Structure formats: C-alpha cells, structure tokens
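Engineer: Predicted model, plus sequence, below.
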Amino acid sequence: MSSTIWNRPPRGARGPAPTHSRDEIVAAAMAMADADGLGAVSMRAVAGALNTGAGSLYRYLSSRDDLLDLMTDRAAGELRPYPEVPAGGDWMDGMLLLARRQLDLYRAHRWLLDVLPRPTAIGPEGLAWLDHCLGVLEPAPAPTTAKFEAIAMMTGVTTLFARSEAAGAPAGFAAVDMTAFPHLSAAFSAPPAAPEPRDLFQATVRGVLRGLLVEE
C-alpha cells in the first residue's frame, strides 16, 4: 500500500520531543488560509505562526501536500453533525440538506475551492461523509456505481455554485457590440419579466440526482 499521511505516524520517530501536535499545525494553516487564501500557506509561514522553525514541521509532515490533505479532511469534519432526512422526507430531501451543508462549508473556507481539484488520498472525515451519503441513498432505486456518480456530481454542482458566489457578479455587455450576436441581443433587449421565486441550487441538485438515480 502506498504511503499517505493517513497511514503514517503523527510524527517521526527521530528528533527532539514535539512542541506542537499535528492538529495544532493544521489549525494554524487553516486560520492562515481563511484569512489570506491558500497561497499564504507554506511550511515556513505556518512554522512562523507557531513560533518554530520550518524544519521542525517536517517531523510531522513530509510536504506541503500532506498539510493540504490534512486541512481538507479537517474541514470535512466540520460537516458533522450530518443533517438527517426530515420527517416525511425522502432520500432526495436528505441529499439536498447534505449539499447545502457542503455549500456552507465552502463559504466558510473559500480556499477549499482551490484544494479540491488536487489528486489526493481521501481522509477519514472524507470517508465518513461518503459513507453517510451512501446511507442516505440506500433507498434510491439505482446501482451503487450510479450512487457514487451522483455524490460526485452533487459535490461538483455545489462547488460550481460556491465558485460563482466567490467570483461575484460577471461583467456586463454594455461595452460590447452585439450586432454579430442576434440571439443574445434579442434576449437582452426583451422587456424584463418579473422573476419567479426559485431556488436554483435546489432545482439543480434535485435535477442532477433525479437524472442519475431515478429511472423515468
């Protein structure tokens, strides 16, 4: 089995007695990322925040990638306690609550949006989240493979919404000559209709789950 941060001891066997725990290192790194973004997180910067030398962190971690893995899994632990399927609800209601919990997590830790695309080994909190999602999907009329795909797609949709929120409103088209784009021009020049109240996040998550897990 390949070595990952999850199957290595919390610190190396050699060297002086530890002055900081792995949890303290991860907490310091997360606070730094929350305040200044993922780019601010380096082994040297985290060591400085803990008033220790950068070399000392390598007794706990072999690389910055290890640190990012631990940060991601620590954040996944904040998804607890997992929301339960509401009374009278079904598995789709339960999954929507889980998706909303994910969205709140990405709002709290914007740096997760930069970490998630990395190829990485899933940690214990990530596994617990996946296990809970599969438990909620147990009544769904679909094979296990489709359920894994649905969880991945739900996470993808949630990430997309979080990225859109973080980016803010897009630039307008006021300075663009729309002559070459007749359909766009017609759409933007049409009288604005009163928007119907709609939860786009809910509609999208439900649509993805229904499309993957419910046979028509």
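Structural biologist: Sure, I can see it.

Engineer: Show me the shaky parts of the chain.
Structural biologist: Scanning the chain for pLDDT under 70 picks out 1-3, 8-18, 169-174, 193-196, 216.

Engineer: mind checking the longest helix of it?
Structural biologist: helix 144-167 (DSSP state H).

Engineer: how far does that one sit from the chain's center?
Structural biologist: 9 Å (C-alpha atoms, centre = their mean, to the nearest Å).

Engineer: Return the set of buried residues in that helix.
Structural biologist: 147, 150-151, 154-155, 157-159, 161-162 (16 or more other C-beta atoms under 10 Å). Bear in mind the C-beta positions are built from the backbone N, C-alpha and C, glycine included.

Engineer: Please export the C-alpha coordinates of that helix as PDB.
Structural biologist: Output of helix 144-167 as PDB, limited to C-alpha atoms (Å, rounded to 0.1, in the frame of the first residue of the first chain):
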ATOM      1  CA  THR A 144     -24.000   1.500  -6.300                       C
ATOM      2  CA  THR A 145     -22.000   2.900  -9.200                       C
ATOM      3  CA  ALA A 146     -24.700   5.400 -10.000                       C
ATOM      4  CA  LYS A 147     -24.800   6.500  -6.400                       C
ATOM      5  CA  PHE A 148     -21.100   7.200  -6.300                       C
ATOM      6  CA  GLU A 149     -21.500   9.200  -9.500                       C
ATOM      7  CA  ALA A 150     -24.400  11.100  -8.000                       C
ATOM      8  CA  ILE A 151     -22.400  12.000  -4.900                       C
ATOM      9  CA  ALA A 152     -19.600  13.200  -7.100                       C
ATOM     10  CA  MET A 153     -21.900  15.200  -9.300                       C
ATOM     11  CA  MET A 154     -23.600  16.700  -6.300                       C
ATOM     12  CA  THR A 155     -20.300  17.900  -5.000                       C
ATOM     13  CA  GLY A 156     -19.400  19.300  -8.400                       C
ATOM     14  CA  VAL A 157     -22.600  21.300  -8.600                       C
ATOM     15  CA  THR A 158     -22.100  22.600  -5.100                       C
ATOM     16  CA  THR A 159     -18.500  23.600  -5.900                       C
ATOM     17  CA  LEU A 160     -19.700  25.400  -9.000                       C
ATOM     18  CA  PHE A 161     -22.300  27.400  -7.000                       C
ATOM     19  CA  ALA A 162     -19.600  28.300  -4.400                       C
ATOM     20  CA  ARG A 163     -17.200  29.400  -7.100                       C
ATOM     21  CA  SER A 164     -19.900  31.600  -8.700                       C
ATOM     22  CA  GLU A 165     -20.600  33.200  -5.400                       C
ATOM     23  CA  ALA A 166     -16.900  33.800  -4.700                       C
ATOM     24  CA  ALA A 167     -16.400  35.300  -8.100                       C
END
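
Engineer: Can you name every helix or strand that that helix contacts?
Structural biologist: Under the contact criterion of 3 or more C-beta pairs under 8 Å, 6 or more residues apart in numbering; DSSP states H and E, helix 144-167 touches helix 91-108, helix 112-115, helix 124-136, helix 200-213.

Engineer: of the ones you listed, which approaches residue 69 most closely?
Structural biologist: helix 112-115 (8.8 Å; C-beta to C-beta).
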